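K.L.:
Sequence plus predicted model, see below.
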Amino acid sequence: MKSPSTSGVCLATATTESFVPGALVLLGSFLEHHPRFDGDLVIIHDALPQAARDALQALSDRVRFETVSTRLRDRLAHLSAGHSAFASGLEYFYSLEAFRLHGYRKVLFYDSDVLVRAPLDALFDAPGTLLCCPDHVALGGGRRDACTFEPLSPSDPADAPALSNTFNSGFFLFDGRLADGTCYADLLDMIHPHTWPGPRAPHTDQLLLNRYFAGRCTLVSSTWNYLLASAPAIRARENLAPEHARALHFNYPVKPWAPDAMLRWVWAHPARAPTRHFKLWSDARDEMAEATPPAIRTGSAAGRSSSTRVSGAGRDLDNTVTTHLFAVCPNNSGSTFLEHALATCRAAWSLAREGKRMLGYAGPTTYRPSLPGEPKPGLIWGARQHWIDRFADPRSYDWPRNRKAWYFQASAQDPRAPVFVTKSPPFLLLVDQLLRHFRNAKFLFMVRNPYAICEGICRNYRSQFVAEERSLEEEAALHVVRCLAWQRRNVRTYGDCSVFFTYEAMCAEPERVAQRIRTLVPELDDLNLRRRLPVKENTYDAMLTDMNERQIARLDTSQIAVFNRVFRAHRDALDYFGYDLMGGDAGLG
């Protein structure tokens, strides 16, 4: 049975790859409150990846895709070439494509960062050719300059060319008769460098639509498009709280599906912290995830697609997480693959990057100097004793703050996931601290052939290395043997809460290693190391492959000689893990 109010209605949104998480929630929340909706759900896009289209299509058989027209592309290319302000941001004009969606009684357009929280039926039956909600300036009773679209001040002449009752372009509902082609053609004709006379162009489609429909639109309550960034103005004008709005528009500079950016913004603007409202969006996404087929929830091969994972922002992970699992091994040892494999488990919360690189991390890092005027530790943070001392000093860290920042930026497939996973090479020195500060801490201790580690360090760090008393080869070798010595201490001391294995064993016997990890943390019962996962800062996907032989083959005899001089002085650390010296002393381990 059709709903009379939604009969002949089309819901449209314009989206890009980075806004797909928002589009999924927009459409999903709309369908939740309109279960009998039989109209089209139109995604306006330009070259949206197939994986993103598949995820959106899975929401409903009513979803269809409309590619940006060649006419609009040509106009935008002309605009970009003629106005320096439009080197980017042209996707904001995609909303204009809604005006060529003909064949509908009504066309409803929402930006992809909108969450529908109640039925919109009354809106579809409201009179008016074009319904809109006031923008921030109109909410305050102000006017905009008709030419620049900048807000006018009270001191400006009353008869200055102005636009009043201006509206936000993230929402509009228009009579289908406006899609006869004339309106669309007129709007595209306005896309010209002369339309924006100044060097700045802070407004795109909103400027065009307000100019074109000046005096011809009907402003309706902000309940249909509650601009969260203008919440105080809406409260003052309409006495309406966000919780009572039918549609929330997350028109903040950051979006709910980008926790890193959100945390940075919240810390910079504590008085405007939007966390409470962002949780409403996250809750809606969680409910969708519960009702969505697993193939859509798991997303990419790595299971880390931002459009299919739940954010930790606003959640009580202090009570949800019962186990903290830390991957502990030297850098350049294969830990990225291991961490990504752990992140695919349904029971795991994980981070987008290693722990020390997350926003808000309170402690020394390898990418900043420990002391003024000295080089940063980088990939050789274990080569100098004062670096080790600084990393190992408990006074250098604020672990409660780190835990809070990590939880805020974590993501998972399941909001009830009980395991938190992260890694960072300097954790080699911090196992005792992690045990004290994290509930039920468990550890995966791993080492790798020292020559392969040194090769990776020298190849990747040479352009950043600042030569002082020792060569990069000598510093790399010192770093590796000290990491091995610390790892030996960890294995000996913390065997009751850890699993130890080598990189070589993980590559040769992935199922056996995975089973040992599952024994340590039974919640990770779906861990699979035989899969293609992102590596090298997520630049490409790869199967687990032992790269030792290939990397060691890149070393020349002079490099091996330097490594051996250092390794001989610390032979006991290599012997403990079964690694032999290269050259005349022994063959490869």
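P.N.:
Sure thing, it's come through.

K.L.:
Show me the protein divided up by domain.
P.N.:
9-224, 322-347+363-396+418-577 (automatic domain parsing).

K.L.:
Following element in sequence after the helix or strand bottoming out on mean pLDDT in the chain, please.
P.N.:
The least trusted helix or strand in the chain, going by mean pLDDT, DSSP states H and E, turns out to be helix 294-297, with a mean of 33. Per DSSP states H and E, helix 294-297 leads on to strand 310-311 as the next helix or strand towards the C-terminus.

K.L.:
For that next one, enumerate the helices and strands it packs against.
P.N.:
If you count contacts as 3 or more Cβ pairs under 8 Å, 6 or more residues apart in numbering; DSSP states H and E, strand 310-311 packs onto helix 275-291, strand 411-412. Any C-beta I mention is one placed from the backbone N, CA and C, and that applies to glycine too.

K.L.:
and the ones you listed, which one's lowest on average pLDDT?
P.N.:
When the helices and strands packed on strand 310-311 are compared by mean pLDDT, helix 275-291 comes last with a mean of 72.

K.L.:
distance of the residue nearest the centre of the chain from L227?
P.N.:
The structure's the chain has its C-alpha centroid closest to A258; by Cα atoms, centre = their mean the separation is 4.5 Å. For A258, the distance to L227 under the criterion Cβ to Cβ, to the nearest Å works out to 19 Å.

K.L.:
again, but for L574
P.N.:
Using Cβ to Cβ, L574 is found at 62 Å from L227.

K.L.:
again with A553
P.N.:
Here the criterion is Cβ to Cβ. By it, A553 lies 60 Å from L227.

K.L.:
Neighbour count for those two, which is higher?
P.N.:
With neighbours defined as other Cβ atoms under 10 Å, A553 and L227 compare such that L227 has more, 24 against 8.

K.L.:
Spit out the contact partners of that one.
P.N.:
With contact taken as Cβ atoms under 8 Å, 6 or more residues apart in numbering, L227 is in contact with C133, D135, H136, L139, N168, G170, I234, H249, N251.

K.L.:
you'd agree V566 is up against V481?
P.N.:
Yes. With contacts counted by Cβ atoms under 8 Å, V566 reaches V481, the gap being 6.2 Å.

K.L.:
Among the contacts of L227, which lie within strands?
P.N.:
Using DSSP state E, the members of the contacts of L227 that fall in strands are H249.

K.L.:
can you redo the contacts of L227 as TSV with pLDDT and distance to V491?
P.N.:
Compiled in TSV, these are given as follows (pLDDT from 0 to 100; distance: Cβ to Cβ, whole Å):
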residue	pLDDT	distance to V491
C133	98	62
D135	97	62
H136	96	59
L139	96	63
N168	97	59
G170	97	56
I234	97	59
H249	97	54
N251	93	52
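
K.L.:
which of the contacts of L227 lies closest to R100?
P.N.:
The shortest separation between R100 and any of the contacts of L227 is 19.1 Å, and it belongs to G170 (by Cβ to Cβ).

K.L.:
Quick check: closest non-adjacent residue to the closest one.
P.N.:
By the measure of Cβ to Cβ, 6 or more residues apart in numbering, the closest residue to G170 outside its immediate chain neighbours is D111, 3.7 Å from it.

K.L.:
any idea how far T13 is from the residue nearest to the centre of the chain?
P.N.:
Summarising the geometry, the distance separating A258 from T13, computed by Cβ to Cβ, is 18 Å.

K.L.:
Pairing partners for L533 in the sheet, please.
P.N.:
Under the criterion DSSP bridges, L533 forms beta bridges with A542.

K.L.:
That one: neighbour count?
P.N.:
Using other Cβ under 10 Å as the criterion, L533 is surrounded by 24 other residues.

K.L.:
Just give the nearest non-adjacent residue to E504, would you?
P.N.:
Taking Cβ to Cβ, 6+ apart as the measure, E504 lies nearest to D546, with 6.3 Å between them; neighbours along the chain are not counted.

K.L.:
Is that neighbour in contact with C507, as I believe?
P.N.:
Yes. Taking contacts as Cβ under 8 Å, D546 lies within contact range of C507: 3.7 Å.

K.L.:
Between those two, which contacts overlap?
P.N.:
Residues touching both D546 and C507 do not exist when contact is defined as Cβ under 8 Å, 6+ apart.

K.L.:
if we can go back for a sec, check contacts around the residue nearest to E504.
P.N.:
Shown in contact with D546 (Cβ under 8 Å, 6+ apart): Y503, E504, C507, A508.

K.L.:
and if you look at K356?
P.N.:
Taking Cβ under 8 Å, 6+ apart as the contact definition, K356 lies against G363, T365, T366, S424, P426.

K.L.:
Can you name the two of those residues that sit furthest apart?
P.N.:
Pairwise distances across those (Cβ to Cβ) peak at 10.8 Å, for the pair G363 and T366.

K.L.:
you'd agree T545 is up against C507?
P.N.:
Yes. Contact criterion Cβ under 8 Å: T545 and C507 qualify, at 6.6 Å.

K.L.:
ok, the residue nearest to V321 when sequence neighbours are not counted - contacts?
P.N.:
Spatially, and ignoring its direct neighbours in sequence, V321 is nearest to F420 (4.6 Å; Cβ to Cβ, 6+ apart). Counting by Cβ under 8 Å, 6+ apart, F420 makes contact with L317, V321, T323, H324, L325, A348, W349, S350, W406, Y407, A410, F438.

K.L.:
and F420, backbone torsions?
P.N.:
Dihedral pair for F420: phi -110, psi 130, per degrees, to the nearest 10.

K.L.:
how much space is there between T344 and N548?
P.N.:
When Cβ to Cβ is the yardstick, T344 and N548 sit 25 Å from each other.

K.L.:
likewise F465?
P.N.:
Looking at F465 against N548, where the rule is Cβ to Cβ, the gap reads 23 Å.
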